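Asks: One predicted model, sequence on top.
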Amino acid sequence: MNDPQRNSDPISAPRELALPLLHSAERLSAESTPLAEQALGPRDIRFVDTLRISVTDRCNFRCLYCMPDEELDWLSRDELLRYEEIVAIARTAISLGVRDFKITGGEPLLRRDLESLVRELRALEGTREISLTSNGMILDRFADPLAKAGVDRVTVSLDTLDPAKFRAITRRGDLEQVWEGIRAAESVGLGPVKINVVAMRTQNLEELAEFAALTRESERTVRFIEFMPLADSQLDERQEFVPYTEIRTLIERVHGPLEPAQRDTGNGPANVFRIPGAPGRIGFIHAMSQPFCATCNRLRLTAEGQLRSCLFDGGEVELKPLVRPHVDSAALRQAFVDCVRLKPDQHRHYGTRQMSQIGG
């Protein structure tokens, strides 16, 4: 499933020049050519194979690094893309080479009848993988129906292993309930679950090696993510930011030198390693200290219908007018091409929208 060209090391990969828009016949010819013989780059639509789909901006947590505790202005139901509109957009994405879909939020499990969307995405010819990102709080109730509908794997955000600190960081959550969700997901085949940990100097720095130790016990992948300063964060980046090199040093000080490991499924942005002899893996996502814009292979669809080229930078194209009240397939295809051309050479340092609005 992993393509060695698309998954080249984001630290060392050279920047590529984008190619002009291809017509259908040219695209078919390009798709039959090995990637090693193609000059692909992040602004070439052929390079994009993943679409992150946010189905809601709502969340049952209020994590310190994501949003304020109160006075949140949620989208109304009418503002959200309908499932049939999402499927129409996904169908167009597949026609352009996208094969993997990640369902996100907010907390996507808060969107009613999410299984029906999964079934429709799974039924699309060309869909390769459907994954889902969750905070895990109500995952135990939905894991089985989601697996039956067609979800392949789940990623759970988990920033501390201490119940009291977990409650403080999330301002809502129950740590044991999240572990119940992780175990439920794995029991129905949605694992090994990936665990995402945002490294924060004043919140969980002393726990990073303990998180890494989880990979000695199971085949789970624990991914350490550099703190990203996004709008409405309640934490000070100057106090919280921990660079990848320091995170790795803290882990290796306890567990010894890490060895390279095979990348996870999903063509994700993490550089993946392993504690020698451990069944699980350790990933590092260093979007701030060592940006990997030159190898970015994804676009984001917000819950209200904007196709976004980058988490930090704008580069948004409005899709809702192209699917409501009627689907304009040709305009949708062009919108994807236009959006991918908006990808930055390197993203800015600060994001202007909160993660739950973009699709985290």
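Replies: Okay, I see it.
Asks: the bottom helix or strand of this protein by mean pLDDT?
Replies: The helix or strand of the chain with the lowest confidence, counting by mean pLDDT, DSSP states H and E, is helix 24-31 at a mean of 35.
Asks: next SSE after that helix?
Replies: Under the assignment DSSP states H and E, the closest C-terminal helix or strand after helix 24-31 is strand 50-54.
Asks: So which elements touch the next helix or strand after that following strand?
Replies: Of the helices and strands lying after strand 50-54 in sequence (DSSP H and E), the nearest is helix 83-95. With contacts defined as 3 or more CB pairs under 8 Å, 6 or more residues apart in numbering; DSSP states H and E, helix 83-95 has these neighbours: strand 50-54, helix 114-123, strand 298-301, helix 320-323, helix 329-340. Using the backbone N, CA and C atoms, a C-beta is placed for each residue, glycine as well.
Asks: Which of those sits closest to S187?
Replies: Proximity of the helices and strands packed on helix 83-95 to S187 was assessed by CB to CB; the nearest stretch is helix 114-123, lying at 17.4 Å.
Asks: Next, the angle from the closest one to strand 50-54.
Replies: Counting by axes from the mean of the first three to the mean of the last three CA atoms, to 10 degrees, helix 114-123 points 160 degrees away from the direction of strand 50-54.
Asks: Other residues contacting helix 114-123?
Replies: By CB atoms under 8 Å, 6 or more residues apart in numbering, the list of residues contacting helix 114-123 from outside reads 55, 83-84, 86-87, 90, 101, 103, 108, 111, 127, 130, 142, 145-146, 148-151.
Asks: now do 6 Å
Replies: Where contact means CB atoms under 6 Å, 6 or more residues apart in numbering, the residues beyond helix 114-123 that reach it are 83, 87, 90, 101, 127, 130, 145, 149-151.
Asks: likewise stretch 245-262?
Replies: Around stretch 245-262, the neighbours that count as contacts under CB under 6 Å, 6+ apart are 199, 208-209, 212, 224, 272-276, 281.
Asks: can you count the residues close to the closest residue to L332 other than its chain neighbours?
Replies: On the basis of CB to CB, 6 or more residues apart in numbering, the spatially nearest residue to L332 that is not a chain neighbour turns out to be T92, at 4.2 Å. Residues lying near T92 (other CB atoms under 10 Å) number 24.
Asks: any idea how far T92 is from P279?
Replies: From T92 over to P279 the distance is 39 Å, taken as CB to CB, to the nearest Å.
Asks: Now do stretch 297-310: distance to the chain's middle.
Replies: In terms of CA atoms, centre = their mean, to the nearest Å, the centre of stretch 297-310 is found 11 Å from the chain centre.
Asks: related to what we said a few turns ago, among the contacts of stretch 245-262, name the buried ones.
Replies: 199, 208, 212, 224, 272-275, 281 (16 or more other CB atoms under 10 Å).
Asks: Need the max-distance pair from these.
Replies: Taking CB to CB as the measure, the buried ones among the contacts of stretch 245-262 have their most distant pair in A199 and R274, spaced 18.9 Å apart.
Asks: one step back: which ones among the contacts of stretch 245-262 are found in strands?
Replies: 199, 224, 272-274, 281 (DSSP state E).
Asks: between these, which is closest to N297?
Replies: N297 lies nearest to V272 out of the ones in strands among the contacts of stretch 245-262, by CB to CB, at 15.7 Å.
Asks: Pretty sure the closest one sits against F284.
Replies: No. Taking CB atoms under 6 Å as the contact criterion, V272 and F284 are not neighbours in contact, 8.1 Å apart.
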